[in-house]
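**Student:** My questions are about this predicted structure, shown below with the sequence.
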Amino acid sequence: MIVTVTLNPSLDRAVDVERLVRGEVIRAASAHLDPGGKGVNVSRALLANGVSAPAVLPCGGDEGAQIMRLLRDEGVDVRSVPIVGRTRSNITLAEPDGTVTKINEPGPSLSPAEFELITTRALTAAVDATWVVICGSVPPGLPVSAFAGLCRRVVDSGVRLAVDTSGPALRAAAEAGADLLKPNREELAEAVGRVPATTAEVVAAARELRALGAGTVLASLGADGALLVGADGVLAGEADVPVPRSSVGAGDALLAGFLAAGAAGADAFAEALAWAAAAVSLPGSRMPGPADLRRDLVRVHHLPDGVRPPNTPAAAAPDRP
Ligand SMILES: Nc1ncnc2c1ncn2[C@@H]1O[C@H](COP(=O)(O)OP(=O)(O)O)[C@@H](O)[C@H]1O
Ligand SMILES: O=P(O)(O)OC[C@H]1O[C@](O)(COP(=O)(O)O)[C@@H](O)[C@@H]1O
C-alpha cells in the first residue's frame, strides 16, 4: 500500500480549445472535470493499475465536496480532513498540438490544527504502507519548517518517503532525507538557483539534492523525457507519444509508475516513462490504466558514470548517448 498526501488539492477543469487567443471569446470543443492535485493523481493512477493507494487531503467548500465525490466514484480510498477554507479549482486550456496552458489558484491556507490533523491522518495510514508520497504545492502561509517537520516525521516512522513539490519545500524534503524526489526542470532550477539546461546540468542539480540528503532523484523533463539519478548512476529515458492530448498529470503518472514498479532500477524507470507517456495521450488529467500503456515506445539508456558539468572537455560531446 502507498499513501499519498496532497496538502493543496484542486478540482481540475480542462477545456479543449482549437487555438488560444488572448482577449477573444473562445468556444471550447469539450471539457473535462477531474479530482486533482499531485498526490490525488498519484493515488488515481496507482488505483487504476491495481495498487491500493489511500489519499490523505484537506477538503473544504463545494469544490472540496465535489473532489471527494469524484474520487469516491473512481473508488479511491479518501482520508479527508475537513477544513474551513475553500478547496481550489485549477484550469487547463489544451490545444490540439498538446500545448497546455495552466492557471493554478493558490488554494486555501490551513490552520495549525488542520495541518496537525492531516499529519496525524498521514502517519496513521503510513503504519501499513511501503511509501508515503507527499505531492504538490505547499498551501499559502504554511511555513517551510512545518512541511519539513511532516517529512521528518514520516522518515522517522521508518516508512519510505517520496516528495514532488516546488519552491523551498523541495530543498527541505531533501534535507529531511526523502528517499525519492520527483522535480521537473523548473522545480530543480528553484532548488539549486540556476536553470539546468543540459543533461549534465540536470544531473549536477539532482546530485546537489542528493548531497543535501535525498536518496534518488527522478527528474522529469517534459517532452525530453526523464533522468533517474541515484547511488547506482544515471539513467536517461523517453517515450514516444503518438498523439499528445494533455500533459497535465504526466509527472504524477511518472512517479506513480516508478513506485508501482518497485522504485529502483531500469525496469521501474521504463515503467514510469510508459505511465507518463500514456497520461500525455489522455485528455485532461485522466490517469492511465493498463490498457493505455505502450511499453514498446519506451527507450532507456545508461549514461556514462561521470556525466560532466558543462565547460569541461566532455561537455563538447552530445548530451545524450
Ligand atoms: N510532450 C511530451 N511528449 C512525451 N512525453 C512527455 C511529454 N510531456 C511530458 N512527457 C512525459 O511525462 C513526464 C512528466 O512530464 P513533466 O512535464 O516533466 O512533469 P510535470 O507534469 O511534473 O511538470 C516526462 O518526464 C515525460 O516522460
Ligand atoms: O500543487 P500545484 O503545484 O499547484 O499543482 C497542482 C496541479 O498539478 C496537477 O496535479 C498536475 O500535475 P503535473 O502536471 O505536474 O503532473 C494537477 O492535477 C493540479 O491542478
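**Tutor:** Good, I have the coordinates. Numbers count the residues shown, from 1 in each chain. Ligands and ions are numbered 1, 2, ... in the order given.

**Student:** Would you mind listing what in the stretch 151-300 of the chain touches ligand 2?
**Tutor:** Within reach of ligand 2 by CB under 6 Å from any ligand atom, the stretch 151-300 of the chain has these residues: 166, 248-252, 285. Bear in mind the C-beta positions are built from the backbone N, C-alpha and C, glycine included.

**Student:** do the helix or strand where residue 190 lies and ligand 1 meet at all?
**Tutor:** Residue 190 belongs to helix 185-192 when assigned by DSSP states H and E. No: Helix 185-192 lies out of reach of ligand 1 by CB under 6 Å from any ligand atom, never closer than 7.0 Å.

**Student:** just to revisit the earlier point, out of the residues of the stretch 151-300 of the chain next to ligand 2, flag the one nearest to residue 133.
**Tutor:** Set against residue 133, the nearest of those by CB to CB is residue 252 (9.6 Å).

**Student:** what's near enough to touch the residue in the stretch 1-150 of the chain that ligand 1 sits nearest to?
**Tutor:** Ligand 1 sits closest to residue 98 of the stretch 1-150 of the chain, with a gap of 5.6 Å, by CB to the nearest ligand atom. If a contact means CB atoms under 8 Å, 6 or more residues apart in numbering, then residue 98 has 241, 244-247, 280 as its contacts.

**Student:** Which one (most neighbours) among the residues of the stretch 151-300 of the chain next to ligand 2?
**Tutor:** Tallying neighbours with other CB atoms under 10 Å puts residue 252 at the head of these, with 33 neighbours.

**Student:** where's the residue nearest to that one when sequence neighbours are not counted, which helix or strand?
**Tutor:** Excluding the flanking residues, the one nearest residue 252 by CB to CB, 6 or more residues apart in numbering is residue 41, at 3.5 Å. Per DSSP H and E, residue 41 falls inside helix 38-48.

**Student:** Show me what the helix or strand just after that helix is packed up against.
**Tutor:** Counting by DSSP H and E, the element after helix 38-48 in chain order, helix or strand, is strand 55-59. Judged by 3 or more CB pairs under 8 Å, 6 or more residues apart in numbering; DSSP states H and E, strand 55-59 is in contact with strand 2-6, helix 38-48, helix 61-74, strand 78-82, helix 112-126.

**Student:** Get me the contact residues on the stretch 1-150 of the chain for ligand 2.
**Tutor:** Residues of the stretch 1-150 of the chain found near ligand 2 (CB under 6 Å from any ligand atom) are 8, 10, 12, 36-38, 41, 90, 104, 136-137.
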